[in-house]
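Novice: this one's structure only:
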């Protein structure tokens, strides 16, 4: 794909992703109003086990569809791409039905034995029917990513989010659930209906596209099942192991907080502030990077299949550089405006304090997503599996040891160690297989210093005599925008953004 076409597709997907994340934060804000911090913590516990079922249903299959479709169409073999999509859908439906049955049958045991909270059994059962819809949608979105059909990929997700939010709002307005269990049932039922609507929408778009691409093509089944296993199994195994450990982690955190002295509701509230409030806000600006990451998989896979190492090197260097430039600015903004963000989104000062504490992790969190996608495009999914399982295992061990003794501070220490370890291992692997050399002064040191300087300059506006008279949140937003505007100017002044970089960015829009 040409650079400007890749960039435009990324912009379309980023716009959809930003809208999705904004809707999700608005949804979380409304849920915080309905459920409170403790209710958000309970809902997050439900999601921890549900995401394990989602992993069994969908992990690796979207990546498999994307890679096989991109590679097959790049050599003119549309019949193989068609066969790959169909086989992957069959695979996903089978595993999703098994996961849904296990979730339904095991909901009582999960609620009593794992969560020690019977209120979670019914909401889990309401989530189970959505798994087959998610599995099929995952395959179809993998096809759309391979075809660079950005609108088709994001429009179904937006529809799902709007249906989920609208139905949940309607239930809360009309039925007015009186307890946390009923409220969680309303949320989970809305999610399942939204998945069904999204799946139908994606299927209709796929049928329309397939008629043009696959018309008159004979299926090419040669070695297709073996190739699917080669790509999907490592990803499925890695994601499943990681989410098993993640579910264990999410179960251990509230228990550890209770052991440290917090009550049942207080422990859920502390957990909800970290995972349900702070982390979604920290990850919100990475929408463009997430879109770019998904598009990098077919881009790198095609270059890898045809042996174009120079193209791989060029794409990897630019992706790492722009990710670091962007992420250091976001980290500085979260650090400097954490209190205002916590109050603006959740009216919760403690959530703002968590944003400030976790803000140094932003560059590593954003970078890890890009690096992971490039590794998958280079057929390095087994390495990603090893790193993810090792990281999650250490997280669980750290939480079991530190949270009962140190409470939330112990959990935050585990988050820092885990994020640094995972990003370091993945980046080291990428540098080995791609021969990329990181320009530390231009990509790391100068962006970090310029971002800190830009935010510091913007914060000086608070010293103006009339500053206390201005509305707090609009004034904070104006200062944040000023910091974002000053950042590229400072980068250009110190050489962190060269003429070549600017020419590359301008060319991406033409």
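Specialist: Perfect, I can see it now. Worth saying up front: this structure is predicted, and the values here are computed from it rather than measured.
Novice: would you mark the buried spots in stretch 380-390?
Specialist: For stretch 380-390, the buried set under the neighbour-count rule, 16 or more other Cβ atoms under 10 Å, comprises 380-381, 383-385, 387-389. Where you see a C-beta, it was placed from the backbone N, CA and C, and this is true even at glycine.
Novice: what lies in contact with it?
Specialist: Stretch 380-390 is contacted by residues 60, 63, 231, 234-235, 237-239, 241-242, 245, 372, 375-376, 421-422, 425-426, 429-430, 433 when judged by Cβ atoms under 8 Å, 6 or more residues apart in numbering.
Novice: quick check: mean pLDDT across that stretch?
Specialist: In this model, stretch 380-390 has an average pLDDT of 77.
Novice: ok, stretch 58-78 next?
Specialist: For stretch 58-78, the per-residue pLDDT averages 79.
Novice: circling back to that earlier point, okay, the buried residues of stretch 380-390 in a markdown table with secondary structure and distance to residue 278 next?
Specialist: Listed next are the buried residues of stretch 380-390 as a markdown table, based on DSSP: H, G, I helix; E, B strand; the rest coil; distance: Cβ to Cβ, whole Å:
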| residue | secondary structure | distance to residue 278 |
| --- | --- | --- |
| 380 | coil | 31 |
| 381 | helix | 30 |
| 383 | helix | 30 |
| 384 | helix | 26 |
| 385 | helix | 28 |
| 387 | helix | 24 |
| 388 | helix | 22 |
| 389 | helix | 25 |
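Novice: and the end-to-end length of stretch 172-182?
Specialist: Start-to-end span of stretch 172-182 (Cα to Cα, to the nearest Å) is 10 Å.
Novice: go on, stretch 374-385?
Specialist: End residues of stretch 374-385 are separated by 14 Å (Cα to Cα).
Novice: next one: it to chain centre, how far?
Specialist: Distance of stretch 374-385 from its chain centroid, counting by Cα atoms, centre = their mean, to the nearest Å, is 17 Å.
Novice: same check, this time on stretch 433-453
Specialist: On Cα atoms, centre = their mean, the centre of stretch 433-453 falls 23 Å from that of its chain.
Novice: now it: buried residues?
Specialist: 433-434, 436, 442-444, 446-453.
Novice: among these, name the ones in strands.
Specialist: Assigned to strands by DSSP state E, none of the buried residues of stretch 433-453 qualify.
Novice: just these now: which is nearest residue 67?
Specialist: For these, the minimum distance to residue 67 (Cβ to Cβ) is 16.2 Å, reached by residue 433.
Novice: which parts of the stretch 201-350 of the chain are helices?
Specialist: In the stretch 201-350 of the chain, the helices defined using DSSP state H, counting those that start in this stretch lie at 224-260, 264-271, 279-283, 287-305, 309-336, 338-346, 349-358.
Novice: as a markdown table, those helices with distance to residue 473 and mean pLDDT would be great.
Specialist: Formatted as a markdown table, those follow (distance: least, Cβ to Cβ, whole Å; pLDDT from 0 to 100):
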| stretch | distance to residue 473 | mean pLDDT |
| --- | --- | --- |
| helix 224-260 | 31 | 76 |
| helix 264-271 | 24 | 71 |
| helix 279-283 | 15 | 83 |
| helix 287-305 | 22 | 67 |
| helix 309-336 | 14 | 87 |
| helix 338-346 | 5 | 83 |
| helix 349-358 | 12 | 87 |
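Novice: run through the helices of the stretch 51-200 of the chain in chain order.
Specialist: Ranges of helices in the stretch 51-200 of the chain, per DSSP H, counting those that start in this stretch, are 61-74, 78-109, 121-127, 130-146, 150-174, 180-213.
Novice: name the helices or strands packed onto the fourth one?
Specialist: Put plainly, it is helix 130-146. Where contact means 3 or more Cβ pairs under 8 Å, 6 or more residues apart in numbering; DSSP states H and E, helix 130-146 is packed against helix 3-58, helix 61-74, helix 78-109, helix 150-174, helix 180-213, helix 287-305.
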